[in-house]
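Everything below, folded, please.
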Amino acid sequence: MGENILKITDINGNEKNVEILASITLDSNGKNYVVYTENKETNLGNIQVFVAELKENDNSVSLLAINDENVWNEIKRKISQVLKGV
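Numbering: from 1, shown residues only. Below is the predicted model of the structure:
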């Protein structure tokens, strides 16, 4: 794993380390999102990647699901721009 490690607790109470690959702030809503991985392979041999809203509390951080299709589409555009080097 790389240097950008975040310890998270999943919904079952299990702690795990994830690697933060990128952080994104959307212009449309000013919210922060993270692209992260547990460095596990899919059945096709690809590394599985996740995206979540990053919500900072007083002394902790929460990763929230993205349920808004417009937000998800904007995030995909931003990720595509990063991958293309724009």
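
which residue ranges form the strands in the chain?
Secondary structure of the chain (DSSP state E): strands at 5-9, 15-25, 32-41, 47-56, 61-64.

Let's have the ones you listed in CSV, adding mean neighbour count.
Glycine gets a C-beta too; all of them are placed from N, C-alpha and C. Shown next, in CSV, are the strands of the chain (neighbours: other C-beta atoms under 10 Å):
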stretch, mean neighbour count
strand 5-9, 12
strand 15-25, 14
strand 32-41, 16
strand 47-56, 15
strand 61-64, 14
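
Please convert those strands to TSV, extending it with distance to K84 and mean pLDDT.
Converted to TSV, the strands of the chain look like this (distance: least, C-beta to C-beta, whole Å; pLDDT from 0 to 100):
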stretch	distance to K84	mean pLDDT
strand 5-9	26	87
strand 15-25	14	91
strand 32-41	15	93
strand 47-56	17	91
strand 61-64	26	86
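
which stretch among the ones you listed comes nearest W72?
Across those, W72 has its closest neighbour in strand 47-56 (8.0 Å, C-beta to C-beta).

That closest one: how far from the chain's middle?
Counting by C-alpha atoms, centre = their mean, to the nearest Å, strand 47-56 is centred 2 Å from the centre of its parent chain.

That strand pairs with which strands, and in what direction?
Here strand 47-56 has these sheet partners by DSSP bridges: strand 32-41 (antiparallel), strand 61-64 (antiparallel).

just to revisit the earlier point, could the strands of the chain be laid out in a markdown table, adding distance to E74?
Putting those into a markdown table (distance: least, C-beta to C-beta, whole Å) gives the following:
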| stretch | distance to E74 |
| --- | --- |
| strand 5-9 | 23 |
| strand 15-25 | 9 |
| strand 32-41 | 9 |
| strand 47-56 | 11 |
| strand 61-64 | 16 |
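
can you pull the contacts of I66?
Y33, V51, A52, E53, W72, I75 (C-beta atoms under 8 Å, 6 or more residues apart in numbering).

Figure out which of the strands of the chain is closest to V82.
For those, the distance to V82 is smallest for strand 15-25, at 6.3 Å, taking C-beta to C-beta.

The closest one packs against which elements?
Packed against strand 15-25 by the contact rule (3 or more C-beta pairs under 8 Å, 6 or more residues apart in numbering; DSSP states H and E) you find strand 5-9, strand 32-41, strand 47-56, helix 69-84.
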